[in-house]
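>>> Here's a sequence, model it:
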Amino acid sequence: MEWFLRAAEQGHVEAQSSLGIAYALGCGIQCDPQEAEKWCRKAANSGDACAQYNLGLFYSSGYGVDLDKGEAVWWYRKAAEQGDPKAQCNLGLLYSAGEGVDQDYEEAVRWYRKAAEQGLPNALHCLALAYTRGKGVPEDLEESQKWWGKLSELQGHADGTVDMFVPGKSM
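Have a look, this model is predicted:
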């Protein structure tokens, strides 16, 4: 950890981001939410998408910072615009729930699609569910099946099943 700390203190962005994660998870160092936030913020302010995503997580959960969904949206968007699929999906979830932003199912679907096209399982699930339920897109069971199928393939199921349950809908 000493070398990460030295590099981070000298402004090495990847070391700052890694050190933030180490403090958040307690990997090789004592868990410290405030230090995690400090180092992730330094890296995030330098444009590191991973650190921006992590700050989004911190703000959406209140980890080491005051719970602030609006601030979570801001950081997730920074990472999402750089192509981070987890940030894209989480941004979609916040739009879908109307947390930190006005509820907007179409915007949620836009972000789910970006992440799903990169193969993120949760985004595939969210996008398939949007088509199943007609939230943010017209209900389209054929399109829904396409995304469920991609999720099934990703999970290694040749028979088209997926490892989850969709309340209120049978497939």
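
>>> Please report how far Glu71 lies from Lys42.
16 Å (CB to CB, to the nearest Å). For the C-beta atoms, the positions are set from N, CA and C on the backbone; glycine is no exception.

>>> if you count what's nearby, which of the two comes out ahead?
Lys42 (20 against 17; other CB atoms under 10 Å).

>>> which residues are contacting the helix or strand bottoming out on mean pLDDT in the chain?
Taking mean pLDDT, DSSP states H and E as the measure, the helices and strands of the chain show their lowest mean at helix 2-9, namely a mean of 90. With contacts defined as CB atoms under 8 Å, 6 or more residues apart in numbering, helix 2-9 is touched by Ala15, Gln16, Ser18, Leu19, Ala22, Trp39, Lys42.

>>> Just checking, which helix or strand succeeds it along the chain?
Proceeding N to C from helix 2-9, the next assigned helix or strand is helix 13-25, under DSSP states H and E.

>>> Which other helices and strands does that next one contact?
helix 2-9, helix 33-45, helix 49-61 (3 or more CB pairs under 8 Å, 6 or more residues apart in numbering; DSSP states H and E).

>>> Let's see that with 6 Å instead.
helix 2-9, helix 33-45 (3 or more CB pairs under 6 Å, 6 or more residues apart in numbering; DSSP states H and E).

>>> Buried residues, it. List them.
Using 16 or more other CB atoms under 10 Å as the burial criterion, the residues of helix 13-25 that qualify are Val13, Ala15, Gln16, Ser17, Ser18, Leu19, Gly20, Ile21, Ala22, Tyr23, Ala24.

>>> Pick the one among those residues closest to Gly156.
When these are compared for distance to Gly156 (CB to CB), Ile21 wins out at 28.4 Å.

>>> Can you get me a residue count around the nearest residue to the closest one once chain neighbours are set aside?
Leaving aside its sequence neighbours, Ile21 sits nearest to Asn54 (CB to CB, 6 or more residues apart in numbering; 6.7 Å). Number of residues near Asn54 (other CB under 10 Å) recorded here: 27.

>>> All set now, cheers.
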